[in-house]
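> Here is the input, now give the coordinates:
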Amino acid sequence: MVGVGRAASKGILIKGAESLQSAKTIDAIIFDKTGTLTEGKPKVNELEWISESETVLNALAAIEKQSEHPLSKAIFAHLNPQVELPEVSDFKAVSGRGLNAKVNDIQYFAGNLKWMQENNINIPPNSVQTADDWEMQGQTIIYFSDDKNLRCIIALSDIAKASAKKAVSLLKNMGIEVYMLTGDNNAAAAKIAADTGIENYKSEVLPQDKIEFVKQLQSQGKKVAMVGDGINDAPALAQANLGIAMNSGTDIAMESADMVLLKNDPLQVLEAMSLSRKTMHILNQNLFWAFFYNVLGIPIAAGALYPLGVVLDPMLAGAAMAFSSVSVVLNSLRLAQA
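You can find the predicted model right below:
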């Protein structure tokens, strides 16, 4: 109770005592990238039109407005439409791929290169080269097309949170292996991994790939924690031994997690792990001293030392028993200063 209360005072909401206890056993932790290790506030750096028109521009803005993804929000903010947008129908978001919807009875697609390829979109060779150049700079590439041809490519970037590198370093010092999974391209993933000091990372992963990676580590006997904030992280959060969600994330991610970090700070993951270890250390102390105290006290109260003329008065025995409980409580309250 004291441990969970102390966690809450630090902005870490823990759903149950079991979650706090299991945090002590974690020896591998997986971070999602966007919004977890990064600020989650990407900005548009480049936008190149292949075929521009006011109709297509408004269609892009209208479709991106429908999505809660940070990349969509960044694109919509960059376009900053000043006119009434057309109505969007049949909107669909596909995790790890992108969006598709109809505007004025025309089908549009927005997403990564695989999404374009799966929908047989014609991409000019010079646009492929431009996108490759941007990607090599560690930027995230979004393609936008109608049902046949590419209309524009967009390059966005995000930065690592200021505390991410320190959090990763301290977790490693605790003997915890650190991994990063992301649906982003390899160059963008490599940049954030380098900025945060993570050697083990995988890019272009789908939600089901995250679950499989968690299971893979678990099959090796590891106790795995997953830290994420998006809808696509929810299945992995549920599969992990300990799911940790950022407060800035989606409702389903927070519902699937065992802990919620109110400050959206990677250092809070370290605080949760440290607090769990301190809680279990004090719990073990309480168990040891309570048993030790009673193993000595009960025989004396029963008259084991009577032949030596030592008799324990019932009032003293009662006071001694009360002191046993009080000592456990007082020792536990030390966590309030942890």
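> chain center to stretch 39-54, what's the gap?
Using Cα atoms, centre = their mean, to the nearest Å, the distance from the centre of stretch 39-54 to the centre of the chain it belongs to is 27 Å.
> Show the end-to-end separation of that stretch, please.
Its start and end residues considered, stretch 39-54 measures 32 Å (Cα to Cα, to the nearest Å).
> Enumerate the positions of that stretch that are buried.
39-40, 42, 44, 46-47, 50 (16 or more other Cβ atoms under 10 Å). Using the backbone N, CA and C atoms, a C-beta is placed for each residue, glycine as well.
> again, but for stretch 95-115
Going by 16+ other Cβ under 10 Å, stretch 95-115 has these buried residues: 96-103, 108-113, 115.
> from the residues you listed, which is closest to residue 22?
Distance to residue 22 across the buried residues of stretch 95-115 (Cβ to Cβ) is lowest for residue 96, with 28.6 Å.
> Does the closest one touch residue 207 like I think?
Yes - assessed by Cβ atoms under 8 Å, residue 96 is found in contact with residue 207 at 6.5 Å.
> list residues touching both of the two?
residue 232 (Cβ atoms under 8 Å, 6 or more residues apart in numbering).
> and of the buried residues of stretch 95-115, the nearest to residue 212?
The shortest gap between residue 212 and any of the buried residues of stretch 95-115 belongs to residue 96, at 13.2 Å (Cβ to Cβ).
> The closest one: which element?
In this assignment (DSSP states H and E), residue 96 forms part of neither any helix nor any strand.
> and it, what does it touch?
Shown in contact with residue 96 (Cβ under 8 Å, 6+ apart): 183, 204-207, 232.
> Pretty sure residue 121 sits against residue 151.
No - in this structure, residue 121 is not within contact of residue 151 by Cβ under 8 Å, at 9.5 Å.
> Could you tell me which residues touch both of these two?
residue 145.
> mind listing the helices for the stretch 51-200 of the chain?
Applying DSSP state H, counting those that start in this stretch to the stretch 51-200 of the chain gives helices spanning 54-65, 70-79, 113-118, 125-136, 164-173, 186-196.
> about what we covered before: please identify which pair of the buried residues of stretch 95-115 lies farthest apart.
For the buried residues of stretch 95-115, the farthest-apart pair by Cβ to Cβ is 96 and 103; their separation is 23.3 Å.
> all strands for this structure, in order.
Per DSSP state E, the chain has strands spanning 12-14, 28-32, 43-49, 88-94, 98-103, 106-111, 140-145, 150-157, 177-181, 200-202, 224-228, 242-246, 259-261. These are given in chain order.
> Redo these as JSON lines? Include distance to residue 214 and mean pLDDT.
Below are the strands of the chain laid out as JSON lines (distance: least, Cβ to Cβ, whole Å; pLDDT from 0 to 100):
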{"stretch": "strand 12-14", "distance to residue 214": "20", "mean pLDDT": "91"}
{"stretch": "strand 28-32", "distance to residue 214": "7", "mean pLDDT": "95"}
{"stretch": "strand 43-49", "distance to residue 214": "31", "mean pLDDT": "95"}
{"stretch": "strand 88-94", "distance to residue 214": "22", "mean pLDDT": "93"}
{"stretch": "strand 98-103", "distance to residue 214": "24", "mean pLDDT": "94"}
{"stretch": "strand 106-111", "distance to residue 214": "25", "mean pLDDT": "96"}
{"stretch": "strand 140-145", "distance to residue 214": "24", "mean pLDDT": "95"}
{"stretch": "strand 150-157", "distance to residue 214": "28", "mean pLDDT": "95"}
{"stretch": "strand 177-181", "distance to residue 214": "9", "mean pLDDT": "96"}
{"stretch": "strand 200-202", "distance to residue 214": "12", "mean pLDDT": "95"}
{"stretch": "strand 224-228", "distance to residue 214": "5", "mean pLDDT": "94"}
{"stretch": "strand 242-246", "distance to residue 214": "10", "mean pLDDT": "93"}
{"stretch": "strand 259-261", "distance to residue 214": "16", "mean pLDDT": "92"}
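> among the helices of the stretch 51-200 of the chain, which is nearest residue 288?
Of all these, helix 164-173 sits nearest to residue 288, with 27.4 Å by Cβ to Cβ.
> who wins for proximity to residue 10 among the helices of the stretch 51-200 of the chain?
Residue 10 lies closest to helix 164-173 among the helices of the stretch 51-200 of the chain, at 14.2 Å (Cβ to Cβ).
> which other helices and strands contact that closest one?
For helix 164-173, the elements it packs on are strand 177-181, helix 186-196, helix 267-301, judged by 3 or more Cβ pairs under 8 Å, 6 or more residues apart in numbering; DSSP states H and E.
> Which positions are bridged to residue 228 in the beta structure?
residue 245 (DSSP bridges).
> Tell me how many other residues crowd it.
If you count neighbours by other Cβ atoms under 10 Å, residue 228 ends up with 30.
> Would you agree it is in contact with residue 254?
No - with contact defined as Cβ under 8 Å, residue 228 and residue 254 do not form a contacting pair (10.1 Å).
> overlap in contacts of those two?
By Cβ under 8 Å, 6+ apart, the residues touching both residue 228 and residue 254 are residue 245.
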